[in-house]
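Chemist: sharing a model that was predicted from the sequence below.
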Amino acid sequence: MQLLGNKQRVGPARGRREMVITAVAVPSKPPTSRAAKRNKVEIIKEKSDYLRHPLMEELVNEKSFISEDAVQLMKFHGSYQQDHREKRAFGQGKFYQFMMRTRQPAGLVTNQLYLVMDELADKYGNGTLRLTTRQAYQLHGVLKQDLKTVFSSVIKNMGSTLAACGDVNRNVMGPAAPYKNRPEYVLAQQYANDIADLLAPQSGAYYDVWLDGEKFVSVYKESAKVTADRAFNGFGTNFDNSPEPIYGAQFLPRKFKVAVTVPGDNSVDLLTNDIGVVVMTDDKGELQGFNLLVGGGMGRTHRNEATFPRLADPLGYVDKDDIFHAIKAIVATQRDYGRRDDRKQARLKYLVHEWGIDKFRSVVEQYFGKKMQPFGTLPAWKYEDYLGWHEQGDGKLFYGVYIQNGRLKGEVKKALRNVIERYELPVTLSANQNIILREVDPAWKDDIQATLEAAGLADVVDLTNIDRLSMACPALPLCGLAIGEAERGLPDVNRRVLALLERVGLGDEPITMRMTGCPNGCARPYTAELGFVADGPNSYQLWLGGSPNQTRLAKVYKERMKLRELEDTLEPLFAAYKARHNPGEAFGDFVARVGFMALRSYAAGYVPAEKLGSLPQVSIDEVTFRALEELANKEGKTITHVASEKLQELSGVGQ
């Protein structure tokens, strides 16, 4: 393992006890059981002069694309090179274009930036804006020759794309509700921004690439404490005299994700992040400190059991003045011990899984300089989406607007710009691909709602629960990893699922549903009650049993389900839920309670109502009929279902 720090004796820092650090980043034996080696992306990063070359040269040549080495660096700047598969011309090869992703801590967007993004989408993109599951924008369809114009326009209008992708900390999430009278929400949004600043790349390469080194003076200044705590190197978290004090020339082994929230509010899917931060206040709303969780993540690979989704574990509690030091300590642990040989095993979740939380904590504490305090007590988590009208707490309103799968386009995009521009509204992007209009004067409410409804944007009271609780990643035709539909496919799946629910008598039952075009899990399907993960054209792996508040992982119920099999697969499950669930029990909780064996047994004998008239008739005596009737009532099944099961058992059919 390469040397990442020198031996040093550290004197006491104010409020932090004296410790002797002996090259904590250079263990006497490799930190894992495998010999240390590096994958090709590590070499590209090392040779890039902190993310400059060969990207700067590639951007100014005459080609419509950039090289693979430049592609890897481009991610750190907030962009992916893509191939529009449906625009390829015969014999012309790939149709190259770029997706740009922004950095919007806690999803906060100024009025100025919103209008600029809207204009850029029309002028240089594909005419649409995509709201992501991490509270940022994605702008698709940008051609290479327009990249500098688009990036510089974002930067000069108080936006950023820096570290929106790549092996760094990405956009920091926060609860989207703009409550002014609830200090914990204000604090969560503030610290989401501060942590984003703390972990932002520092070398200046971003401005060299996109502003040609031009000095850009921003009115925004990061917190003085962020600056001081980033520079502090009492316990081996930093590289001395490096342009990247936290990351060094190698940056992190893989992507890194952080979310901040308040006790009880799981609107950000906290447990799916590398670090989860929970703001802890006293009864007066005064900040006391933070609970920290580590080791969450969604990405996996089909048929590779060494890869898996994972929920974060509680790590401990830190006082308010120590939060930035604690974050740095966790990042440094992943930086120095995370795997750099195999990118499929490079996320923090695999390090926590391999070591266990106690060993992980002990190493973090070496970089932190003190012991973590015990994890604080929290209330039960609840999913929130903040759709509809709400009081901000200062006399103004906010309005949560549902955007199907986060795609702003056509009349919807025009109507939103209309009201946002007319009333000079700032907005917040939510973790569920929706948008919140902030700072609304009550006198504007009727006009805003009428304008949006005229464009086809339904108010929350008119939404189906299935639509409200579902989301999908972009997938085809642009994402290079997609092997199936998601954004374009989910609306039809939603309609079919709703029809099924109504058929079995459940009506518009609230079920959290998510779909992705590959197993990387950007729309977080592995915490959904019902998750569809593409494994080929019109084919999905079916995940069941996540919880409505996203605190339990789903499991694979069916390895491969063709879309044409959707009704046959799901109807027995919904029928079982209707017959057997406890009062108030959600679908995902029911699945987790009864288990897959019981569900598969139920499905094996299930007979859809529409098939009853076409089945062969069998006569039985009244005593047998009454026995079947009693058993059916006891098990929550139809008589036909019970009879079918018993006959299958006797005949061996289906075994």
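Modeler: Received it, and whenever you're ready, just let me know what you need.
Chemist: may I see the buried residues of stretch 195-212?
Modeler: By 16 or more other C-beta atoms under 10 Å, the buried positions in stretch 195-212 come out as 195-201, 203, 205-210. For the C-beta atoms, the positions are set from N, CA and C on the backbone; glycine is no exception.
Chemist: same question for stretch 362-376.
Modeler: The neighbour-count criterion (16+ other C-beta under 10 Å) identifies 363-370, 372 as the buried residues of stretch 362-376.
Chemist: name the helix or strand for M515, please.
Modeler: Of the helices and strands defined by DSSP states H and E, M515 is found in strand 513-516.
Chemist: what pairs with the helix or strand following that strand, parallel or antiparallel?
Modeler: Counting by DSSP H and E, the element after strand 513-516 in chain order, helix or strand, is strand 530-536. Using DSSP bridges, the strands paired with strand 530-536 are strand 513-516 (parallel), strand 539-544 (antiparallel).
Chemist: could you give the mean pLDDT of the helix or strand hosting A70?
Modeler: When elements are defined using DSSP H and E, A70 is found to belong to helix 68-76. Confidence for helix 68-76, expressed as mean pLDDT, is 98.
Chemist: surely V168 touches G78?
Modeler: No. Applying C-beta atoms under 8 Å, one finds V168 not in contact with G78, separated by 10.4 Å.
Chemist: now the strands paired with strand 530-536 as CSV including mean pLDDT?
Modeler: Output for the strands paired with strand 530-536, formatted as CSV (pLDDT from 0 to 100):
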stretch, mean pLDDT
strand 513-516, 98
strand 539-544, 98
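Chemist: pick the most buried one from these.
Modeler: Among the strands paired with strand 530-536, the stretch with the highest mean neighbour count (mean count of other C-beta atoms under 10 Å) is strand 513-516, at a mean of 28.
Chemist: neighbour count for V168 and G78, which is higher?
Modeler: Ranked by neighbour count (other C-beta atoms under 10 Å), V168 and G78 place G78 first, with 27 against 23.
Chemist: report the spatially nearest residue to that one, omitting neighbours in sequence.
Modeler: Spatially, and ignoring its direct neighbours in sequence, G78 is nearest to T161 (2.8 Å; C-beta to C-beta, 6 or more residues apart in numbering).
Chemist: show me which pair in the buried residues of stretch 362-376 is furthest apart.
Modeler: Of all pairs drawn from the buried residues of stretch 362-376, the greatest distance, 13.6 Å, lies between V363 and K370 (C-beta to C-beta).
Chemist: distance check, G296 against R361.
Modeler: In this structure, G296 lies at 16 Å from R361, with C-beta to C-beta, to the nearest Å as the measure.
Chemist: ok, the two, which is more surrounded?
Modeler: Here G296 and R361 are set side by side on neighbour count (other C-beta under 10 Å), and the busier one is G296, at 25 against 22.
Chemist: show me what contacts the more buried one?
Modeler: Applying C-beta atoms under 8 Å, 6 or more residues apart in numbering to G296 gives the contacts 270-274, 276, 310-312, 349.
Chemist: now it. Its backbone dihedrals?
Modeler: Comment: the main-chain dihedrals of G296 come out as phi -90, psi 160, following degrees, to the nearest 10.
Chemist: coming back round to it: turn the contacts of G296 into TSV, including neighbour count, pLDDT and distance to Q104.
Modeler: Below are those laid out as TSV (neighbours: other C-beta atoms under 10 Å; pLDDT from 0 to 100; distance: C-beta to C-beta, whole Å):
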residue	neighbour count	pLDDT	distance to Q104
L270	25	98	18
L271	24	98	22
T272	26	98	18
N273	29	98	16
D274	27	98	18
G276	29	98	19
R310	22	98	26
L311	22	98	25
A312	23	98	22
K349	27	98	24
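Chemist: any chance of a markdown table for those residues, columns secondary structure?
Modeler: Compiled in a markdown table, those are given as follows (DSSP: H, G, I helix; E, B strand; the rest coil):
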| residue | secondary structure |
| --- | --- |
| L270 | helix |
| L271 | helix |
| T272 | helix |
| N273 | coil |
| D274 | coil |
| G276 | strand |
| R310 | strand |
| L311 | coil |
| A312 | coil |
| K349 | helix |
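Chemist: which one of those residues sits closest to A329?
Modeler: Each of the contacts of G296 was checked against A329 using C-beta to C-beta; the closest is D274, at 13.2 Å.
Chemist: mind checking how far the closest one is from W381?
Modeler: Computed with C-beta to C-beta, the distance linking D274 and W381 is 18 Å.
Chemist: other SSEs contacting the one helix or strand V594 maps to?
Modeler: Using DSSP H and E, the element containing V594 is helix 587-605. Judged by 3 or more C-beta pairs under 8 Å, 6 or more residues apart in numbering; DSSP states H and E, the packing partners of helix 587-605 are strand 539-544, strand 555-562, helix 566-580, helix 639-651.
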